[in-house]
Every structure is written in structure tokens, then in C-alpha cells.
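[1] below are the sequence and a predicted model; questions follow.
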Amino acid sequence: MSLFKARDWWSTVLGEKEEFDQGCLCVADVDNSGSGQDKVIVGSYMGYLRIFNPHPVKPGDEVQPEDLLLEVQLREPILQVEVGKFVSGTEGLHLAVLHCRKLCVYAVSGALGNVEHGNQYQIKLMYEHNLQRTACNMTYGPFGGVKGRDLICIQSMDGMLMLFEQESYAFGRFLPGFLLPGPLTYSSRTDSFITVSSCQQVESYKYQVLAFATDADERQETEQQKLSSGKRVLVDWVLNIGEQALDICVVSFNQGISSVFVLGERNFFCLKDNGQIRFMKKLDYSPSCFVPYCSVHEGTINTLVGNHNKMLNVYQDVTLKWAAQLPHVPVSVKVANFQDLKGVIVTLTDDGHLQCSYLGTDPSLFQAPKVDAREVNYEEMNAEMKELQKIIKEATKTQDILPESEKQRDVTVTAEVSPDLDAESQAIESEVKAEAVPSITVKVTIQSRVAAQKPSLAVCVQAPLAVTCDQFIFDDLEPDSSETVVLSIFLKGNCTPSELEGNCMVSYNIPTGIPRVAQCNFSLPLRLVCFPSQPSKAANHKLTIDTNKPPVTFLSIFPDFVDPSEGDQANALGFQFLTGSKTTLLASKTSQRYRIQSDQLEDLWLITKELTRRLEEHFKKQNCKDYACTFSGSIPLQEYFELIDRHFELRLNAEKFQELLSERAVQFRAIERRLLTRFKDKTPAPLQHLDTLLEGTFREVIALADAAEENQANMFQAFTKLKSATHLVIMLISLWQKLSTDQVAILEATFLPLAEDTQELGWEETVDAAVSYLLRTCLSKSSKEQALTLSNQLCMPKDTSRLKKNITLFCDRLAKGGRLSLSTDSTTQQAAVVPGGCATIPESDLEERTIIPGATAMFSSHGQIRKQKSK
């Protein structure tokens, strides 16, 4: 914000709910008073034409009735107002008013008043032109070098320049390559029209070229016109500025130099009259209007630039000389002379705030009032300081983001999952090939203590799970009211989900307008994705979970999967997933162990998670505080790496499909262009089998698109399986090394950083960067490793060998007593050994154990690696 404000000399507000734009403001001696005193002419889109003559007694005075010389409501919206020598036979100034379909020229005259109310002003219509095309803007000047009069050029919305020699229509020309109208001005020194096209180019057209070109009664050119190049509209010069232009202006303060100023969206340019750049200025704000004016220094030009930050900047060429604060965002700015006060800045906003101001150095600074001095009681101040420090210390201890007053939530949302599956399944459009796809009902209740405005509820579950309806919009909630919705969740995709959890989120506004969010999580039952089946004796993957308590009967912890007739004798459970795979759970009769086995590694996750959760809840109900669950087997890294390789292979296939699709699309468009050229040719020519080639290319594009879509579906299933296996590996590592909750959170953030996998940012490169960071910081072996720098960019790797090597090294460092922490103090971390008696492994031994094709690397809890030949 500027220290100085634009000093208000005179201001007013025009009408109510009227709209104004760039061309609605003009300053000139429109009534030909001869005093050299400018009048302010303003036209609005509501059709009001107003003329002001500001003359306050002192700066900042209220508007006097006599300041408004004239106010007339015309029938049509006013697009632009200009003052010039528009009437033949006289060199007096007249007012040109541009409407959408009409151009009117008025004479403004004043008569001496007979009463104290002052002079009387009126406008008289001199002539008007009805336009055949909708107008956009206009410019004027002595076209063709005429003396003593001004001609008018109007640009239509479809790119036609219509030229009027005062009372008569001269000719019209279409601009070549026109798409959208841009700002238009006239340069008298070069006798040319300058505009900025929708191609973001400054273009100059000579008046003589337009005058001698073919008449533009019709837009289409005949064959004869194409052959006669001398009758076509040719551009004089072109300059590409690379952005759309807001305004354009030609200034010539002496006979020798003429400059073209162009205000862009992020720059303003000063060009020579031959199109070369004299200078340009990059703006660090969004401009709204500008006007160049004469500088006191010879050879330089001053420019006023208004912006959307309510600032008015004064530049001398490219140097910022002054910045002043405005009360509103201007859409038009002019410089005028009033009552021997030269250089008054006139600004107009889009809602009708008209202000005449000047730049001053008397800033409006707030001065604090003087207070009575009183004696300082230092003992009271010290006591107050200690009390405040105590409050600050207590506040910094808590980790709550919201203050204490926010703990009693204004709006709460709860989700209640039905204990039983739906009697009639609500699954729709499910891709699962099972005979019946079950669904479960969730009742979501929103309770509001205060008035909640525009509440909306979003229910989210991770694919392949789906919700019958995931978005709800409610009317405003009254205080102490509630809303309840019922929805169903089912398995939609043909793969087992990695998580059986959901989230409800309510967004709303409190009465003060501040947006708030309330949310809750809910868990879904295992029966939603699997059902009981016969246990299987053989399996490819087996895990053993150890506990320190006697085995619990499955009837106690899995009552929903065990047949009550079997009683306590059941020590084996079979889980048949809806996708077809099967998992078996076994309880040892003699030891305190549970075994989970399946043909697929990822299918072990949900059963293992459910087992540990139900065991923990069972012993919690029995008030058993020393219950512990451990894992003493081997971490199945090799099987985990196979899932990583499968997912990465599908990502590579996706890249190949994208490249092939791009090539075939380019080929398809090239054939289309050739066919279009043949069809447009007036002389028939053979197609030379281009139509056959087009059809074949089209079929290839469709086949590639189908293959890419199928690969995308396979990649989603592979990523879901990879997430399930990653959850399993994290759980096994946490049970193996007895990690704390914070350390498990670090593991999850490292191996599960993405909710969705994309080609731009994939799972492999993200996890590799996270594991590398942990190996360089908390799991580093020496300061030399800490000094290694990581890559700043995440890009898709060529293969997964580095990732698998880093994960292997990561598990080895944990086996040697490494401790997961976000701190970088490696000395403390190396000294701290996790309980469990993990023996260290020589680093040389690790380097020899590179991953060999056909071998399986397993980590045991004793910190050793067994190599088992794959069968």
C-alpha cells in the first residue's frame, strides 16, 4: 500500500446500479467556451449522458448542483464518447456518441441564465448514422491528411472497419484473419490505424491501403479478388506481444517523434511508429487502465497506470516515479485542466465513482490521541507478565489446532454402520463376478448446536468400494436441529480393497460467514468383502503371529464367521473373498500362535489386520493389560518386490500406449488435412487410397484407446494389491521390531504417501525418495551418508532395482538397531537399540547379498537373512 493517497479535489457518484467501461469517459472543452477549461463527459451503459464542470470552493467539497451542466437519457447504451471536429463547415468541437447500432454527433451549447441557478446547457443532434453491424469501439482523426476536420472509424464486433466522412458514409473494410475485436487507435503521423488482434499481435493498416481495397459489402472474396492482390487489405507492420491488450494509445508531443503505447495484461509497451519496440515495462500487478501524458523532461513520456489493487502508478518511461492509493478500482483515467489547475487526474470506476484528484505529499496518517501520564506499578506489571507467560506456556504444550472454545463443535457428524448386511443388496453396476454382491447400510446423522448455512455432506470410501450416493446438500440448519441420511456401501471393482474404512465430511458456514468442516470416520465389517468357506490346507504364502496369551477360540473372536454348531472345537477358518481368492486362518492347539495363509500375498492383509484387532479388543474386555502380539517370522520382501515389478510394468505400458496414441493421432490429423485439401480442390483428383488409410488409422486409434483403458484398469488393480501388501509389510515390521505408534506413522508416511497413483507422480519414485531420505538421516551409518544430497525432482525411474535395494537396506538398518525418527541426530539414534535382542549384521555381508534372480531374500527377527531357492 502506498504511503500517499490521491488527494480528492472533486468527486461524485453517478446514478444507481449503472455500469461504465473504458470508453465511457472523455475530457474536452466540448461547449467551445474558449477558456481552455475542460469538461468531463461521461456516458453509461444505461444510456445516460452527463457533462460536468467541476469547480469546488476548496478541495474535497461536496458536489454542487451547478457542477452538473447536462444530464440526458438516450435510448440506447452508450459504448464510447469522443470530442472532435465532426461537423463540416465549422472547426468547432462536437460530441460523438457511439451506440450499439447507431452513431450520433451532437453540438453542446450553453445559454446565459436569467436566475441564480446559472447557465443552461443543451445538446442538439447534428446528424446520425444507423449501423448495419454491431459496434465495438471507435477512433477519430484527420484520415488521409485532411485539414480542419476529423473523420470517424468504427470497429464492429465481426471485424469490419466502417469509415465516416462526417455526415456521409465513406467505405467499410474487413480486417484479415479477424476473430475478436481489440482496442483501436489512429496515428496521424503515419496515417494508419493500429489495433491488437486476437492473435496477440499489434497490427498497423495504412488508410490509403484501406481506401483503395475492395469494398467489404460481403465478407467472402471472389476468385477475381484473390488474384488481384492490389485490392486486398494488407497489413503495414505486425508485432507479436504475446498477450491480450487492454488499451492502445498514440502520443505525439512534438512533430518529430510519435509513440504507440500498448497496455497488456502484464506489460506495457512503447513502440515506434514503424512497429519497433522503444521500451517495455513488466508489471507485477494486474492493470486496469492507462493514459500517457507529456513529461517535463524532454525526450521522455509520463504514463499513468491504474490497477486492480486500487493503486495509481506514475511512470517516466520505465521508471516508477510515484504511487498513490485510490479509493476504487478505475476502468478509465484521463488528465484534464480545470480553473487554472492543470494536470488534474480524472478516474472513473465500473460502478460510477467519478473522481478528480491530484498527487500530494500530505499523507492521511492516524495520530493517536494524547493520554494522561500515570505512574507505572512495576510489581503489578511483573505479576501480569508472569501470568501471561504461564498462559502462553500452557497453550504451547497442547497440540490442538483449534482453541479451547472450538472443542465443543458447532456441528457434529456421526456414522452408524448397521451390524448386519442388507437383506436386499443395494449394489449397482458392480464389476464383481460373484453370484451375489452384498451391501451394508450406513446411517449418517448431522447435529447442529448453532445455525449452519449451506451444509453439504460428502461420504468417501476408497475404491474399489463404492457408495450408492456420496453427495448430499441440505437446507440451512436451525440451532439444535439434526439431519439424517441413509446410504449403502458395496464392492464395485473386481479386486479386494486395501482398507475397510470410510469418511464423512460436512462443510458449512456459520452465521458470520466463516466456512467450517466437521468429519468422522467409520469402519466397515469384513463380511462386506468375504464370506465363510472351507479352510484350505495348502497355500503359497504363510504368516505366523505370536501372542503371549493362550489361544482364543474362533467362536469368541469371529462369531460372524464360525458356525455355532461347531462350538469351541473350530481351530481353522476359511475366508472366501468376493473376487474369488481364499484365505485360511489357523489357531495352534498347543502354542500361542495363529497362522494366516493364502495363495496371494495381498490377501493376507485384511485377515491379519482383523485378527490382531479382534484379539486386542477381546483381551481389552478382559482387562488384560500385558497382552502383546509379535511376529518372529520372515518379512516376505521377494514376494512384495514381485507386486512392485508388476505395478511398474503396467506404468511402463501406459507410457507406451500414450506415445503410440500420440503418433497415431498425428497421423490421423495429417490424413484428414490431405483429404480436406482434396475435397476443397475444384479440380477433382483421385484420393489415392487416403480414405482407406484414414479408416485404418481410425481403427488403430480405437484399438489403442481400448488397450490403454484396459491397462489403466489393470494398473488400478495392481496398485490396490500393492497397497494391501504394503499395509501387511508395515504391520509385520512394526510387530517384528516392536515399533511405537509414532514410528509406525513414519513407516506409513514413507510407504503409503499417495492415495491415488498417476503417471506424473507414481508410487515407486515417491517411496524411493522417502526411503532414501530416512537412510540419509535417522538410519544413516555415518556423517558421510548424511552429506549426500537427494534429487530435487521426482521422475519415473527406468526400473525398480534402486527402490528394491533401498527397501532391503532399510530393513537391514532396522534389524541392526536403527530407530525411526524425524530428528537428524544420528549419534543418539545409533546408540539407541530397539528392545528385542537384534544382532547386528556386518555391512560387508549386506553388500554381498544383492538380489539374485531366482533367489528369495527373507529378513528374520534375529537380523539374519536366509536365501531360499525358488522352486
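    Noted; the coordinates are in hand. Numbering: from 1, shown residues only.

[2] count of residues packed around V517?
    10 (other C-beta atoms under 10 Å). For the C-beta atoms, the positions are set from N, CA and C on the backbone; glycine is no exception.

[3] same thing with Q622?
    10.

[4] the host helix or strand of Y140 pairs with which strands, parallel or anti?
    Counting by DSSP states H and E, the element that carries Y140 is strand 135-141. For strand 135-141, the paired strands and their directions (DSSP bridges) are strand 151-156 (antiparallel).

[5] which positions within the very next helix or strand once past the strand it pairs with qualify as buried?
    Counting by DSSP H and E, the next helix or strand C-terminal to strand 151-156 is strand 160-165. Within strand 160-165, the residues that qualify as buried are M160, L161, M162, L163, F164, counting by 16 or more other C-beta atoms under 10 Å.

[6] strand 160-165 to strand 151-156, inter-axis angle?
    160 degrees (axes from the mean of the first three to the mean of the last three C-alpha atoms, to 10 degrees).

[7] same question for the longest helix anywhere in the chain, mean pLDDT?
    When the chain is parsed with DSSP state H, its longest helix is helix 690-737. For helix 690-737, the mean pLDDT works out to 90.

[8] what's the end-to-end length of stretch 65-82?
    Distance between the two ends of stretch 65-82: 24 Å, counting by C-alpha to C-alpha, to the nearest Å.

[9] how far does that stretch sit from the chain's center?
    42 Å (C-alpha atoms, centre = their mean, to the nearest Å).

[10] in that stretch, what's buried?
    Buried residues in stretch 65-82 (16+ other C-beta under 10 Å): D67, L68, L69, L70, L74, P77, I78, L79, Q80, V81, E82.

[11] got a list of what the third one touches?
    Contacts here follow C-beta atoms under 8 Å, 6 or more residues apart in numbering; on that basis L69 touches D31, K39, I51, F52, N53, G110, N119, Y121.

[12] note down every partner strand of whatever helix or strand it lives in and its orientation.
    Using DSSP H and E, L69 sits within strand 68-73. Applying DSSP bridges, strand 68-73 is found paired with strand 48-52 (antiparallel).

[13] ok, residues contacting the partner strand?
    So strand 48-52 is contacted by 12, 14-15, 18, 30-31, 39-43, 67-74, 78, 81, 97, 108, 121, 123, 354 (C-beta under 8 Å, 6+ apart).

[14] show me which of the contacts of L69 are buried.
    D31, K39, I51, F52, N53, G110, Y121.

[15] so D546, which of the three states?
    strand (DSSP: H, G, I helix; E, B strand; the rest coil).

[16] measure how buried it is and give me the count.
    Neighbours around D546, by other C-beta under 10 Å: 17.

[17] quick one: the helices in the stretch 701-850 of the chain?
    741-751, 763-776, 783-786, 801-815, 826-831, 843-848 (DSSP state H, counting those that start in this stretch).

[18] same question for the shortest one, mean pLDDT?
    Confidence for helix 783-786, expressed as mean pLDDT, is 61.

[19] next one: the longest one
    Helix 801-815 shows a mean pLDDT of 88.

[20] that helix packs against which elements?
    helix 637-680, helix 690-737, helix 763-776, strand 855-859 (3 or more C-beta pairs under 8 Å, 6 or more residues apart in numbering; DSSP states H and E).

[21] in the stretch 51-200 of the chain, what spans have low per-residue confidence?
    60, 113-118 (pLDDT under 70).

[22] grab the most central residue of the protein for me.
    Centroid-nearest residue in the chain: E760, 16.8 Å away (criterion: C-alpha atoms, centre = their mean).

[23] quickly note the distance from that one to Q658.
    Distance of E760 to Q658, given as C-beta to C-beta, to the nearest Å: 12 Å.

[24] any stretches of the stretch 201-350 of the chain with poor pLDDT?
    Looking at the stretch 201-350 of the chain by pLDDT under 70, you get 215-231, 253-256, 340.

[25] so where do the helices sit in it?
    Under DSSP H, counting those that start in this stretch, the stretch 201-350 of the chain gives helices at 207-212, 223-227.

[26] output the longest one as CSV, nothing but the C-alphas.
    So that's helix 207-212. Provided in CSV are the C-alpha atoms of helix 207-212 (Å, rounded to 0.1, in the frame of the first residue of the first chain):
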residue,chain,number,x,y,z
TYR,A,207,-5.5,4.5,-44.5
GLN,A,208,-4.6,4.6,-48.2
VAL,A,209,-4.5,0.7,-48.3
LEU,A,210,-7.9,0.6,-46.8
ALA,A,211,-9.3,3.2,-49.1
PHE,A,212,-8.1,1.5,-52.3
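
[27] mind listing what's buried in that helix?
    Taking 16+ other C-beta under 10 Å as the criterion, helix 207-212 shows Y207, V209, L210 as buried.

[28] contacting residues for V238?
    Q201, V202, E203, S204, G275.

[29] run the last query once more with 6 Å
    Q201, E203 (C-beta atoms under 6 Å, 6 or more residues apart in numbering).

[30] who's it bridged to?
    E203.

[31] which strand or helix spans the closest residue to L586 other than its chain neighbours?
    In space, L586 comes closest to R595 once its chain neighbours are excluded; the distance is 4.3 Å by C-beta to C-beta, 6 or more residues apart in numbering. For R595, the enclosing helix or strand under DSSP H and E is strand 593-598.

[32] which one of the buried residues of helix 207-212 is nearest to A452?
    Nearest to A452 among the buried residues of helix 207-212: L210, at 63.6 Å, using C-beta to C-beta.

[33] who does L304 form a beta bridge with?
    Going by DSSP bridges, L304 forms beta bridges with V291, V314.

[34] what's the angle from the helix or strand where L586 lies to strand 593-598?
    Following DSSP H and E, one finds L586 within strand 582-587. With the same axes, to 10 degrees applied, the angle from strand 582-587 to strand 593-598 works out at 170 degrees.

[35] tell me what strand 582-587 is packed against?
    Contact here means 3 or more C-beta pairs under 6 Å, 6 or more residues apart in numbering; DSSP states H and E; on that basis strand 582-587 packs against strand 572-577, strand 593-598.

[36] so which of the ones you listed gets nearest F719?
    strand 572-577 (17.7 Å).

[37] domains in the protein, by residue range?
    5-215+233-360, 411-526, 532-631, 637-816 (the TED database).
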